[in-house]
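J.: could you look at this predicted model? Sequence included:
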Amino acid sequence: MEKRKRVLLFIFAISFFGLYYSKSVLSVFPYLILLMGIFQRGFYQRLNGFVRSPAILSLSLIFFVYLFSGINSSNAGMWVSRLNTNLIFMVVPLGIYLLGPYSESFVDRVLGMFAIINFIISIYLLTDYFYHFEEVNSSYLKGQTIHTPIIHVRYSYFVALSIVFSVYLFLKENKKIRKYLYGFIAIYLIVFIHIMAVRTGILSLYLSAVLIAFYYAFVYKKYLIAFLSMAILIVLIVLSYNFLPSVKNKINYVKWDIRTTLDGSAKYHTSDRIRIYSIINGLKVVKDSPLLGSGIGDIEEDMDKKYDLNYKDLPKEMRFQPINQFVFTLSSMGIIGFVLFYGLLLFPLFYLKGGHPLLPVFYVLTFLTFLGETTIELMIGKTAFLVLLSLFICIKPHKS
């Protein structure tokens, strides 16, 4: 491997740790990648190639959807702040393209690094879990989870991705040591994600596995794959409930939450109800301005007005923007922005004829997390998503 690619691997490793433990690394990383790309030989030819590459260009164009959402924003300061946050839609794809193209083996190394780093971090978290075993398991009955270095929902998304990457590398790897390492990491993280018992991560992993299994079953006529996948998932659910206290307590909490909500006996707000409140209010914002939404700069103010109208007793610290990526985009950008945003975001999936094998899986798993989280609104999720997706797109050779 050439020296430049080794340096790039090191930078990726530091940035993946930065996702969890360093906001400064996270903020510097996208611009460092871009600067490295700018100072590459043949910069102008590469820049011309970027403009002529629709798959990667489409990701950068998403920035302009945020830019145009200012048309309907009266709060210019907040709009500019949002633009600053979403500038990495321009920066990351361009920087990664300029430093590419990448061999499949290089991308696989990045995926392996991502999985190994999450594996290392999970060991610390699992140690802490066993050290405070009774206390943490009791907290699950109140809708809480084990301690995580970032928001637990987003962390569970990264763990789910690491499982997919590890399984893929285990099936592909020829060297026995690496093969067994990835196999062990995959099994370990499957157990770990169940101990975490974060529904978004587990359900997105389960549903993506089922969808992929059925895809292979019906496209390649391998029906046994779908049957075995369903059987394995059922066994995992049964075993988790019976042998992992965190899973059992989380399920009991969800059952209690649903029951007290339906019978009206709930005396305080729970995490699930707060999520539902945010989605309902988001949809009411859409109803007020269906075509353009509230404007990305005004979404917080408009949501707060809906909370005052519909849930006055809800404390300020529980008043969130729509906790659903689809509803957030729809309420802040309207139908027009929604179509543009997801049209550009999904374009590489349908345009590329020969990309990385994990590209469709990556999309499926990520979009499933959108149902219960604004996965790519905060900088951590946005950066990881754009880096991985850009690498999948810029693999060589791909036919389009």
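T.: Received, thanks.
J.: show me what the lowest-mean-pLDDT helix or strand in the chain is in contact with.
T.: Lowest mean confidence among the helices and strands of the chain (mean pLDDT, DSSP states H and E): helix 245-263, at a mean of 72. Contact partners of helix 245-263, identified using CB atoms under 8 Å, 6 or more residues apart in numbering, comprise 129, 136-138, 140-143, 145-146, 194-197, 199, 240-242, 266, 270, 272-273. (Glycine included, C-beta is placed from N, CA and C.)
J.: quick one, which of the residues you listed are buried?
T.: Neighbour-count burial (16 or more other CB atoms under 10 Å) applied to the contacts of helix 245-263 gives 129, 136-137, 140, 143, 145-146, 194-197, 199, 240, 270, 272-273.
J.: let me know the closest of the residues you listed to F10.
T.: Distances from the buried ones among the contacts of helix 245-263 to F10 were compared by CB to CB; the smallest belongs to M196, at 29.0 Å.
J.: give the contact list for that closest one.
T.: M196 touches 145-146, 148, 152, 155-156, 159, 246, counting by CB under 8 Å, 6+ apart.
J.: among these, name the ones in helices.
T.: The helices, defined by DSSP state H, take in 152, 155-156, 159, 246 from the contacts of M196.
J.: can you show me the strands along the chain?
T.: Taking DSSP state E as the criterion, the chain carries no strands.
J.: so where is it shaky, pLDDT-wise?
T.: Within the chain, the ranges that satisfy pLDDT under 70 run 1, 141-144, 220, 261-269, 354, 397-400.
J.: domain parsing for it?
T.: Annotated domains of the chain cover 1-100+269-400, 105-267 [automatic domain parsing].
J.: ok now the shortest one, how far from the chain's centre?
T.: Okay, so that is domain 105-267. Computed by CA atoms, centre = their mean, to the nearest Å, the chain-centroid distance of domain 105-267 equals 14 Å.
J.: ok, back up a step: then the least confident helix or strand of the chain to CSV, C-alphas only?
T.: Only the C-alpha atoms of helix 245-263 are listed here, as CSV (Å, rounded to 0.1, in the frame of the first residue of the first chain):
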residue,chain,number,x,y,z
PRO,A,245,-31.6,-8.9,32.1
SER,A,246,-31.2,-5.6,30.2
VAL,A,247,-33.3,-6.9,27.3
LYS,A,248,-36.0,-8.3,29.6
ASN,A,249,-36.2,-5.1,31.6
LYS,A,250,-36.3,-2.9,28.5
ILE,A,251,-39.2,-5.0,27.0
ASN,A,252,-41.1,-4.9,30.3
TYR,A,253,-40.6,-1.1,30.4
VAL,A,254,-42.0,-0.8,26.8
LYS,A,255,-45.0,-2.9,27.8
TRP,A,256,-45.6,-0.7,30.8
ASP,A,257,-45.2,2.4,28.8
ILE,A,258,-47.7,1.3,26.2
ARG,A,259,-50.2,0.1,28.8
THR,A,260,-50.1,3.2,30.9
THR,A,261,-50.4,5.4,27.8
LEU,A,262,-53.5,3.5,26.5
ASP,A,263,-55.3,3.4,29.9
